[in-house]
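**Student:** show me how the following folds:
(chains A, B, C, D, E and F)
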Protein chains: 4
Amino acid sequence: MSSRAEDTSSRQRRIPVDSPNGSRELPSTPRGQRTRAKLVQAARTVFERDGFLDARLLDITNEAGISAGSFYTYFDSKEEIFAAVLADVEEEMLHPRVDTVEVGDDPIEKIRVANRAYLESYRRNAKFMKLLIQVSAIDDEFEQLRRRRAEAFVQRNAKSIEDLQQRGIAKAEVDPRKAASALSSMVSRVAYTVFVMGEEWDFEELVETLTLLWANALLIDLDAA
Amino acid sequence: MSSRAEDTSSRQRRIPVDSPNGSRELPSTPRGQRTRAKLVQAARTVFERDGFLDARLLDITNEAGISAGSFYTYFDSKEEIFAAVLADVEEEMLHPRVDTVEVGDDPIEKIRVANRAYLESYRRNAKFMKLLIQVSAIDDEFEQLRRRRAEAFVQRNAKSIEDLQQRGIAKAEVDPRKAASALSSMVSRVAYTVFVMGEEWDFEELVETLTLLWANALLIDLDAA
Amino acid sequence: MSSRAEDTSSRQRRIPVDSPNGSRELPSTPRGQRTRAKLVQAARTVFERDGFLDARLLDITNEAGISAGSFYTYFDSKEEIFAAVLADVEEEMLHPRVDTVEVGDDPIEKIRVANRAYLESYRRNAKFMKLLIQVSAIDDEFEQLRRRRAEAFVQRNAKSIEDLQQRGIAKAEVDPRKAASALSSMVSRVAYTVFVMGEEWDFEELVETLTLLWANALLIDLDAA
Amino acid sequence: MSSRAEDTSSRQRRIPVDSPNGSRELPSTPRGQRTRAKLVQAARTVFERDGFLDARLLDITNEAGISAGSFYTYFDSKEEIFAAVLADVEEEMLHPRVDTVEVGDDPIEKIRVANRAYLESYRRNAKFMKLLIQVSAIDDEFEQLRRRRAEAFVQRNAKSIEDLQQRGIAKAEVDPRKAASALSSMVSRVAYTVFVMGEEWDFEELVETLTLLWANALLIDLDAA
DNA sequence: CATGAATGAGTGTTCATTCAT
DNA sequence: TATGAATGAACACTCATTCAT
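**Tutor:** Predicted structure coming up:
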């Protein structure tokens, strides 16, 4: 039974940004998978080059070397293919986490490592981060998504701060959740300024400064560690 | 490879963002000045309601109660009237600074006062800040403008930090310019999260937490003060 | 206050076919009225020539000698301009009613006069009637409209039949409303067959045959008259 | 004047409506016959649900559970599969005629039986009749086809009327062919109004009223029978 | 015979911008 | 200055049809 009878007036656009690969199931045939992959790759290229707004679907299909109509075999809208690009990038950003170096127990070293990892990843994907921030500023769905992703990050940092407080290493009397939110904001916003806006800042000094400010802000007592 | 990368005729548009009131001189006649003012007022309303992209010039002229064609008597583009709105808002945001309360010499109190002033202003103009960030994400001219404005703010903070360091009050061995940049980033980004994204955070606690983190980050020694 | 804030997702199309001139108020300026009139005239030409479905908006605007975009200054859709054409035609079809010849009291003559008037009007507007029937078959809104218009016609005939029955002239024991519906159906459908489908049928004989069948069906007793 | 009047490549499409099952020979293999049957069945469902215009070939193949490309193994166009549906329905509508009850020689009873049979069949296939009328209004080929089918019906009625006239039972001095055309029009159009448009009319009263009007119109003299 | 991915022509619609009045 | 009708470039989107597998 086709489901077309009742959809008379609904032209709503759904962007199920939660599902990891965009909204619809991946194409079943290898050919389809290849085409879809070409599209996503082309979309990333075009988006990063022209920005979300100036990118036309035709630019994307041309870049992918397929016909205009085929776009709709895989995606319903520019938003939806952007979600697929985002999913791709995130997978790419999460994989390198494998090389988690041994950190020992030095709390400052831990902060440094986390900051360095974040900043390296940001630098590596600077063009995409700029794009993501643009799209988030335009589209509330993506704004919410970005917020939820950031929240996960903040939670982890909050845990860590709470732990340091309980062990008497972090002295500052702040709510861990809120301190984590503020300090994470600091790091991510500085990353934007440096890697997207192009503010000059030596990478190592960047890591050190942010790590120092972070640790100081929590009044980390190295002797207690 | 699509050949669209160098297409200059895109959505961007030169906006003389330096002149305080947008590009052209104000209208000479009182009637003209009134019409222009109505337009700017209407533009702010519409922009804040619909966002920059969804706002049509017709919406603005309708809201202002004038005809479509008259728009071009005063502005050349949506970007230009946005610049005028921005100039208006900034004037409004700078004026209240007059009530600079006497702060005494407590360095932390000084930070607190500055943060509170900034956060209050952000809260008061949250809708516009959201809009400004949207436009900055879309339009490089405004991005640069925003950066220059922020830079002025950072400079002032850098001065203050340097002063504290020289007086031996701020112990942290950080470049004052960079510390100022990072800490300002923290405050402004948190302000966005709270006042635009709607994260729950009691206003006083917000002021206190940010002030505390800021002061700690610089290792301000109250005894030295 | 512009009303655009809340219309985010509604792409419904309203065809307020009841209002005599289509949906929106007529243009205020003479120039606008002229352009609108040109459009409606062109639409009738194109619709009658190509049919509703094959008529493209571009055909209409070309025929009217105006640009494509101007169409939307006056109408929102093909349906809406069709409604305007329909309103025009109906006005045109109702005016000639002025020449209501004196009919005397012969009931059959009355039927004959009514049938002749209807058939003449149908013949004169045969192309449009074909079009109207096509659109009614496609678009439920117009189907309903046509039904309501026909209903008014049936009501008048029902009144007349009831009157004849009460005066003992029409003997047939039928519900006047239903007889009127059936006999009106006969006349209109035959008119379609003859004037649209092109079935050969001498006009006078057509009038006479339908009048005779109508009168007989009601068992009109001329002696009783 | 737009030059589109003679554009032959419009929506029309040659359909060999005479051959009873659509244009091409039936598939030879049983599998092919089954697939074809599924398609025709699905087409009827989709057409009756969505109308001819809104039905997409994909809806039909989905409903039939076969792939898009397979459609063209059996039909060349939407028109052609509609012709096949039409052939199916007509076969279905003609079969039940078998139960032709013995009617005796009462001329009115004969009319009543014919009307009842027609109306029952119309009621049973109301959705399809609506569809058929829609397609006829869109596609001249089907309009002609419908006309020829109706003509056969009229011929039969004309014969019957002529017979009654020759036997002195029908007194009305009308051309039998034309009277048959008009009265058949009455019945079919009323059937549409009741069964498609939903006008309220008790079925038995419907049969009686139409039969009475038909018999009266011909001035059938029961005593002469 | 069946599949379903790929095609691409064709048109509606928006809205910043111009300009005659 | 103000008006508002007219313009037209630009682009998304649909879906019947083809064809390699």
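**Student:** residue contacts, the nearest residue to A:Leu222 once chain neighbours are set aside?
**Tutor:** Leaving aside its chain neighbours, A:Leu222 sits nearest to A:Ile108 (7.1 Å; criterion: CB to CB, 6 or more residues apart in numbering or on different chains). Bear in mind the C-beta positions are built from the backbone N, C-alpha and C, glycine included. By CB atoms under 8 Å, 6 or more residues apart in numbering or on different chains, A:Ile108 lies in contact with A:Thr211, A:Ala215, A:Ile220, A:Leu222.
**Student:** buried stuff in the helix or strand containing A:Ile108?
**Tutor:** Assigned by DSSP states H and E, A:Ile108 belongs to helix A:107-124. Within helix A:107-124, the residues that count as buried by 16 or more other CB atoms under 10 Å in any protein chain shown are A:107-108, A:110-119, A:121-122.
**Student:** output the lowest mean pLDDT helix or strand found in chain A.
**Tutor:** The weakest-scoring helix or strand in chain A, judged by mean pLDDT, DSSP states H and E, is helix A:78-94 (a mean of 92).
**Student:** and it, does that touch DNA strand E?
**Tutor:** No - Helix A:78-94 does not reach DNA strand E (CB under 7 Å from any atom of the strand); its nearest approach is 13.7 Å.
**Student:** quick one: that helix near DNA strand F?
**Tutor:** Yes - using CB under 7 Å from any atom of the strand, helix A:78-94 comes into contact with DNA strand F via A:Lys78.
**Student:** that helix vs helix A:107-124, what angle?
**Tutor:** 140 degrees (axes from the mean of the first three to the mean of the last three CA atoms, to 10 degrees).
**Student:** just want the most central residue of chain A.
**Tutor:** Nearest residue to the geometric centre of chain A (CA atoms, centre = their mean): A:Glu90, 6.0 Å.
**Student:** which residues touch A:Asp158?
**Tutor:** No, residue A:158 isn't Asp; it's Ala. A:Ala158 neighbours (CB under 8 Å, 6+ apart): A:Pro176, A:Arg177, A:Ala179, A:Ala180, A:Ser181.
**Student:** from A:Arg177, how far out is it?
**Tutor:** Distance of A:Ala158 to A:Arg177, given as CB to CB, to the nearest Å: 5 Å.
**Student:** just A:Gln165 next, same as before
**Tutor:** A:Gln165 is 12 Å from A:Arg177, by CB to CB.
**Student:** and what of A:Leu206?
**Tutor:** According to CB to CB, A:Leu206 and A:Arg177 sit 25 Å apart.
**Student:** same question for A:Glu48.
**Tutor:** Distance from A:Glu48 to A:Arg177, by CB to CB: 34 Å.
**Student:** and for A:Val194?
**Tutor:** Distance of A:Val194 to A:Arg177, given as CB to CB: 26 Å.
**Student:** which residues of chain A lie near DNA strand E?
**Tutor:** Proximity of chain A to DNA strand E (CB under 7 Å from any atom of the strand) is limited to residues A:27-29, A:31-32, A:34-35, A:66-70, A:72-73.
**Student:** which two among those residues are spaced furthest apart?
**Tutor:** For these, the maximum inter-member distance is 22.9 Å, found between A:Ser28 and A:Ala68 (CB to CB).
**Student:** between these two, which one's more packed in?
**Tutor:** A:Ala68 (12 against 8; other CB atoms under 10 Å in any protein chain shown).
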